[in-house]
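Peer 1: only geometry, no sequence info:
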């Protein structure tokens, strides 16, 4: 372990070092497997007919990798080998490294292009190789995070050009380190959580467990490869911040990113189709919804007047973000408590749930929690049940009669309850 150099966001602890070491061992082992596959292609006479793609998933067992929009969670290696007969389809020479931004969504159209198959008009992504190659519409990879391990919601978006990285945290009221079931089944993650509880982490290392998180993050990745120096509030980088912020929002507007709609609303809003179809409908005022989501998540009191106006909107998405923004403002928005209390009777369950959370946070904890418990017990929608349980967990208000329902709920809800019981040290058979 003494030869391992960890990034500054991780402490030197045995289980973390062991996972780090194991990860390197796995990469070396995987390389040997690829060598065997290439040898097999040679032996069966297909090496000169085969273009080989070698790339990884974005996941892993290491803290701050999968589920995070940092370079460690989104940047993956990719090597493409062209035999001589197909070299004309490549964009570079053998052994050359290309800095072109490519995303996984680009792989499907690229394979069709290499195979000489016409790419359907409705296929997303761009072909970056072959005769149908297209130049990038913008020099960024679009980054997104929404639901993790099927249970944990944290709405984040961003872009990177490989040199710089921008992240917008819409759900900045939650810690960056999400206590999801899979992550904390790994020894390194468990060790990190123990260190945080012990108070032995550095300020940087502990910051990922704290809330609120920054509204915006800006990193000069080429000079700060570990992305630990957030320059978003540095006036010297105001121009770059604006550039990448506009790029992120521009892409969201272009694709009409449905992430601004809480998942708890999907079933109600897309009763006759899909949420994608609902948001793509030009009759839906997407720009208004995105603007209020930005104002709500900015934690700026100057937006309070517009947040109050959103509480009365006919659009449940607008009402949700209006409530959410008031909740994030805390004491600065206590004057909205009576209006938000009225919304715990809203016709949309999702709005009622957001309102109940805000009521609990803004001063009437008993009413808010009672409403959330009622929604959990009586809703027929799994998304509402999941979010209800997550909020009760965040408020340290999970009643024992709900905590004892392990094995009696649908898949994801049951998983959440079991994860909760494991974290709290409760006997699952109790």
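Peer 2: On my side now, so go ahead. Being a predicted model, the structure only gives us computed values, none of them experimental. Numbering: from 1, shown residues only.

Peer 1: Can you pull the poorly scored residue ranges out of the stretch 1-150 of the chain?
Peer 2: Scanning the stretch 1-150 of the chain for pLDDT under 70 picks out 59, 150.

Peer 1: quick one: the strands in it?
Peer 2: Secondary structure of the stretch 1-150 of the chain (DSSP state E, counting those that start in this stretch): strands at 52-55, 78-81, 141-148.

Peer 1: what's the closest of those to residue 89?
Peer 2: With C-beta to C-beta as the criterion, residue 89 lies closest to strand 78-81 of the strands of the stretch 1-150 of the chain, at 9.9 Å. To be clear about C-beta, it is placed using only N, CA and C from the backbone, and glycine gets the same treatment.

Peer 1: List the neighbouring strands of the closest one plus their orientation.
Peer 2: The pairing partners recorded for strand 78-81 under DSSP bridges are strand 52-55 (antiparallel).

Peer 1: Okay, buried residues for the longest helix along the chain please.
Peer 2: The longest helix of the chain (DSSP state H) is helix 14-43. The neighbour-count criterion (16 or more other C-beta atoms under 10 Å) identifies 15, 16, 17, 19, 20, 41 as the buried residues of helix 14-43.

Peer 1: ditto for stretch 406-413
Peer 2: Residues 406, 409, 412, 413 are the ones in stretch 406-413 that count as buried (16+ other C-beta under 10 Å).

Peer 1: Need the max-distance pair from the residues you listed.
Peer 2: Among the buried residues of stretch 406-413, the pair separated by the greatest distance (C-beta to C-beta) is 406 and 412, which sit 12.8 Å apart.

Peer 1: just to revisit the earlier point, nearest to residue 393, out of the strands of the stretch 1-150 of the chain?
Peer 2: With C-beta to C-beta as the measure, strand 141-148 is the member of those nearest residue 393 (14.4 Å).

Peer 1: What helices and strands are in contact with that closest one?
Peer 2: With contacts defined as 3 or more C-beta pairs under 8 Å, 6 or more residues apart in numbering; DSSP states H and E, the secondary structure elements packing on strand 141-148 are strand 152-160.

Peer 1: Recalculate using a threshold of 10 Å.
Peer 2: helix 71-74, strand 152-160, strand 165-169, helix 238-255 (3 or more C-beta pairs under 10 Å, 6 or more residues apart in numbering; DSSP states H and E).

Peer 1: which residues touch the residue lying closest to residue 60 once chain neighbours are set aside?
Peer 2: Of all residues not flanking residue 60 in the chain, residue 66 sits nearest, at 5.5 Å (C-beta to C-beta, 6 or more residues apart in numbering). Contact analysis of residue 66 by C-beta atoms under 10 Å, 6 or more residues apart in numbering lists 57, 58, 59, 60, 72, 73, 74, 148, 149, 180, 182, 183.

Peer 1: Tell me who's in contact with the second one.
Peer 2: It stands for residue 58. For residue 58, the contacting residues are 65, 66, 67, 68, 72, 73, 74, 75, 76, 104, by C-beta under 10 Å, 6+ apart.

Peer 1: Repeat the analysis, applying 6 Å as the threshold.
Peer 2: Under the criterion of C-beta atoms under 6 Å, 6 or more residues apart in numbering, the contact list for residue 58 reads 66, 74, 76.

Peer 1: and what of the last one?
Peer 2: Contacts were defined as C-beta under 6 Å, 6+ apart; by that measure residue 183 touches residue 189.

Peer 1: Report pLDDT for it.
Peer 2: We note a pLDDT of 80 for residue 183 in this prediction.

Peer 1: buried sites along stretch 247-259?
Peer 2: Taking 16+ other C-beta under 10 Å as the neighbour-count basis, stretch 247-259 is seen to contain the buried residues 247, 248, 249, 251, 252, 256, 257, 258, 259.

Peer 1: Would you mind giving the residues you listed as TSV with pLDDT and distance to residue 322 added?
Peer 2: Listed next are these as TSV, based on pLDDT from 0 to 100; distance: C-beta to C-beta, whole Å:
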residue	pLDDT	distance to residue 322
247	97	27
248	98	22
249	98	19
251	95	25
252	96	19
256	96	21
257	96	19
258	94	19
259	93	18
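
Peer 1: farthest-separated two in these?
Peer 2: The span of the buried residues of stretch 247-259, defined through C-beta to C-beta, is set by 247 and 258 at 19.1 Å.

Peer 1: On the strand side of things, show who the spatially most central residue of the chain bridges to.
Peer 2: Centroid-nearest residue in the chain: residue 145, 1.8 Å away (criterion: C-alpha atoms, centre = their mean). When bridges are called by DSSP bridges, residue 145 pairs up with residue 156.

Peer 1: which one of the helices and strands packed on strand 141-148 lies closest to residue 11?
Peer 2: Distances from residue 11 to each of these were compared by C-beta to C-beta, and the smallest falls on helix 71-74, at 15.9 Å.

Peer 1: Can you tell me what sits against the closest one?
Peer 2: Residues from elsewhere that reach helix 71-74 (C-beta under 6 Å, 6+ apart): 58, 64, 65, 66, 143, 221, 227.

Peer 1: my guess is residue 296 contacts residue 325, does it?
Peer 2: Yes - the pair residue 296 / residue 325 is scored as a contact, 2.9 Å apart, by C-beta atoms under 6 Å.

Peer 1: So those two - more neighbours on which side?
Peer 2: residue 325 (28 against 25; other C-beta atoms under 10 Å).

Peer 1: ok, now which ones touch that one?
Peer 2: Shown in contact with residue 325 (C-beta under 6 Å, 6+ apart): 296, 307.

Peer 1: Torsion angles phi and psi at it?
Peer 2: Torsion angles at residue 325 (phi, psi; degrees, to the nearest 10) stand at phi -60, psi -40.

Peer 1: Highest mean neighbour count out of the helices and strands packed on strand 141-148?
Peer 2: Burial among these, expressed as mean neighbours by mean count of other C-beta atoms under 10 Å, is greatest for strand 165-169, which shows a mean of 25.

Peer 1: per-residue confidence averaged over that strand?
Peer 2: If you average the pLDDT values across strand 165-169, you get 98.

Peer 1: any idea how far it is from the chain center?
Peer 2: The chain centroid and the centroid of strand 165-169 are separated by 11 Å, computed with C-alpha atoms, centre = their mean, to the nearest Å.

Peer 1: what inclination does that strand have with respect to helix 238-255?
Peer 2: Relative orientation of strand 165-169 with respect to helix 238-255: 70 degrees, computed using axes from the mean of the first three to the mean of the last three C-alpha atoms, to 10 degrees.

Peer 1: Brilliant, that's me finished.
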